[in-house]
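From the sequence below, what's the structure:
(2 chains)
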Amino acid sequence: MIPIEHYLALSFALFLIGAGGALLRRNPVIILMSIALMLTAVNVNLIAFSRLWGTVHGQLFSLFIMADAAVETALGLGILVAYSRTRSDSRESAGVGEPTADEAATQPSDSDAESSEVPVERPVL
Amino acid sequence: MVLNQIIFDFFAAIAAASALAMVTRRNVLHAAILLLATLLATGGVFLQLQAEYAFATQLLLCAGGVVLLFVLVVMLLSPEALRQDASFDWKFYSLSALALAIGIEIAAFLLARHDGALWAATQGLPANNAGAMGDALFRDDLLAFEFASVPLVAAIIGLVTFGKRRAE
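Presented below is the predicted three-dimensional model:
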């Protein structure tokens, strides 16, 4: 049989890579993926020890962790989408985005100059 | 038991390599595909540990649902999300190398102290693993299983709240 240290080493490597990605990358989607990776590493640990001790409780915990990982990913991505949409909405209401028909008819050159001049702040992705 | 070791090494190598490539990848869509590979390889490790229920859940929930969610959001946010990540610099390489060195040291420490008698995973679970899992879920730990639905409901409510456009 494979000694438990091999599973611990795999889990440790996955957790380390996930923690490094979550701490060092600045792309929020990659950060969420790294957090999912860390939770998977915890699952490897739990299931390996569940097999070692011959009980199913480790698998039970891993099931809960998988559910929480799905919840966390869904919420994080939902926040991300809502954030980017709010940013684009505020840009439109501030007149930075696409000009309306009236604005385009009255002063097209001014609107174009403004839209090219003002730096569009987007979330760092 | 050499075959067992070979299977474990195969899946563990795929999982670790895909995870490393996922973290260092600039394209978010490639990172999502590599996350899928990592989760599938981890599912293989679960199957090798005779955790069939966890394998199925990993396949359906994590590899199916979560990666699909990532890909959908990347498509929704494109082209901003597909833009190259400018924050990828030398600090990432140096700190990753440091963290990897510490990790290798700890892993070597763990492997050097390998006793064999105490830690070998010899006990194992009964063959009817999913049945025991069902007993635990729906009889012994039913309350915990029910409470696992609370964060799911909270997430649904939160996502509906986020998804609503504010009334002008």
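
now the lengthiest helix in chain A, how far from the chain's geometric center?
In chain A, assigned by DSSP state H, the helix with the most residues is helix A:57-93. Relative to its chain's centre, helix A:57-93 lies at 7 Å (Cα atoms, centre = their mean, to the nearest Å).

other SSEs contacting it?
For helix A:57-93, the elements it packs on are helix A:28-53, helix B:52-57, helix B:67-77, helix B:149-163, judged by 3 or more Cβ pairs under 8 Å, 6 or more residues apart in numbering or on different chains; DSSP states H and E. The way it works is simple: take the backbone N, C-alpha and C, and place the C-beta from them, glycine included.

neighbours of the closest residue to A:S50 other than its chain neighbours, just the number please.
What sits nearest to A:S50 in space, not counting adjacent residues and going by Cβ to Cβ, 6 or more residues apart in numbering or on different chains, is A:G58, at 2.5 Å. Counted with other Cβ atoms under 10 Å in any protein chain shown, the neighbours of A:G58 add up to 22.

where does A:G58 land on pLDDT?
Among the per-residue scores, A:G58 holds a pLDDT of 87.

Not counting its own residues, what contacts stretch B:58-66?
With contact meaning Cβ atoms under 8 Å, 6 or more residues apart in numbering or on different chains, stretch B:58-66 is reached by A:36, A:40, A:43, A:66-67, A:69-70, A:73, B:36, B:39-40, B:42-43, B:46.

Kindly indicate which of those residues lies nearest A:L16.
Using Cβ to Cβ, A:T40 is the member of these that lies nearest A:L16, at 12.7 Å.

in chain A, what residue is nearest chain B?
Closest contact between chain A and chain B, by Cβ to the nearest Cβ, is at A:G21 (3.6 Å).

That residue is in contact with B:L20, isn't it?
No: applying Cβ atoms under 8 Å, one finds A:G21 not in contact with B:L20, separated by 9.3 Å.
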